[in-house]
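Peer 1: need a 3D model of the following:
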Amino acid sequence: MSEKIKYTPQGFSYVDVSLFDAINWGGYGICNSCGKGPFRTLKLVYVLTDTYCEDCFKKWLDRCNHYSKEDIEYDLKVQQGNDEKWYKYHGVI
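Peer 2: Numbers count the residues shown, from 1 in each chain. Alright, predicted model coming up:
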């Protein structure tokens, strides 16, 4: 497992990425939640298949506290083993 992969309290994985990383995979460094940017750093979140700025990432973390146990378990099952491949595909680990 890559040391670059971080986890939320619920267990959702994410990777901090730079604007350069986003440009390399064809992105623009824009937050997929608020639509602002480009940002110098973003959070690439597997279960969202999106990049979020720091503010939107924090808001999403708050929303995660209201997810059902079943939804979290399902998302974590899908994430298991697939997230690392996805981050490698994006060239960030």
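Peer 1: pLDDT score for F57?
Peer 2: On pLDDT, F57 comes in at 98.
Peer 1: how about it: what's its closest non-neighbour residue?
Peer 2: Nearest residue to F57, sequence neighbours excluded (CB to CB, 6 or more residues apart in numbering): K43, at 4.4 Å. (Each C-beta comes from the backbone N, C-alpha and C, glycine too.)
Peer 1: distance of that neighbour from S68?
Peer 2: Relative to S68, K43 is positioned 23 Å away (CB to CB, to the nearest Å).
Peer 1: these two: which is more packed in?
Peer 2: Using other CB atoms under 10 Å as the criterion, K43 and S68 rank with K43 on top: 23 against 8.
Peer 1: buried residues in the helix or strand that one falls within?
Peer 2: Per DSSP states H and E: K43 is located in strand 41-45. By 16 or more other CB atoms under 10 Å, the buried positions in strand 41-45 come out as 42-45.
Peer 1: packing partners for whichever helix or strand comes after it?
Peer 2: As assigned by DSSP H and E, the chain's next helix or strand after strand 41-45 is strand 50-52. In terms of contacts (3 or more CB pairs under 8 Å, 6 or more residues apart in numbering; DSSP states H and E), strand 50-52 is packed against strand 41-45.
Peer 1: against which helices or strands is the strand it packs on packed?
Peer 2: On a contact count with 3+ CB pairs under 8 Å, 6+ apart, strand 41-45 meets strand 13-18, helix 19-24, strand 50-52, helix 54-64.
Peer 1: the residue nearest to G91 when sequence neighbours are not counted: neighbour count?
Peer 2: Closest residue to G91 in three dimensions, ignoring its sequence neighbours and counting by CB to CB, 6+ apart: N24, at 5.7 Å. Neighbourhood size, N24 [other CB under 10 Å]: 13.
Peer 1: same question for the one 5 residues further on.
Peer 2: Residue neighbour count, defined by other CB under 10 Å, stands at 20 for G29.
Peer 1: can I get the buried residues of strand 41-45 in TSV including pLDDT?
Peer 2: Converted to TSV, the buried residues of strand 41-45 look like this (pLDDT from 0 to 100):
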residue	pLDDT
L42	98
K43	98
L44	98
V45	98
